[in-house]
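K.L.:
Predicted coordinates and the sequence they were generated for:
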Amino acid sequence: MAPVHFHCEHPDYHFDHQDELRNWIIQTCKEENATIDRLDFIFCTDEDLLEINLNYLNHNYLTDVITFPYSEGDTIAGDIFISVDRVKENAQDLDLKWFDELCRVIIHGVLHLCGYTDKESHQQAEMRKKEDYYLSLRSF
């Protein structure tokens, strides 16, 4: 069984490119010297992610992604919750194709599991550089 799983809980979203995304995520982790135990991507609504944000992180604001790591050492595992609503709105605001923005958010969550953080401005710049690099390797 593949170690990367996609679950769609958003009522208006049909998920495409699962095999391509899975392979891209696996290659990203290999390049980061991380072995995947299991990654679950859950695509949901703003309301779902806000509830998670409130209940688990005590944050009362919308976000595009929340990552819950269950990793040990170089073996990564985790749940990555993504708000399809937020990704679509961000893509529109940034004048990007929504699937390109979705891929950025997906790889952002993966990079968190690989040990990157974005609390400080220099960390945000490093993460953005990594995101751009891995997005440049995407062929779909």
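P.N.:
Now that the structure is in, tell me what you want to look at. Numbers count the residues shown, from 1 in each chain.

K.L.:
Poorly predicted segments of this protein, please.
P.N.:
1 (pLDDT under 70).

K.L.:
Can you show me the helices along it?
P.N.:
Remark: helices assigned in the chain by DSSP state H are 18-31, 46-57, 84-94, 98-113, 121-137.

K.L.:
Dump those helices to TSV, plus mean neighbour count.
P.N.:
C-beta: built from backbone N, CA, C; applies to glycine. Output for the helices of the chain, formatted as TSV (neighbours: other C-beta atoms under 10 Å):
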stretch	mean neighbour count
helix 18-31	17
helix 46-57	15
helix 84-94	17
helix 98-113	21
helix 121-137	13
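
K.L.:
Distance-wise, check the residue nearest the centre of the chain relative to Glu72.
P.N.:
Of all residues in the chain, the one closest to the mean position by C-alpha atoms, centre = their mean is Ile106, 2.6 Å from it. Ile106 sits 22 Å away from Glu72 when distances are taken as C-beta to C-beta, to the nearest Å.
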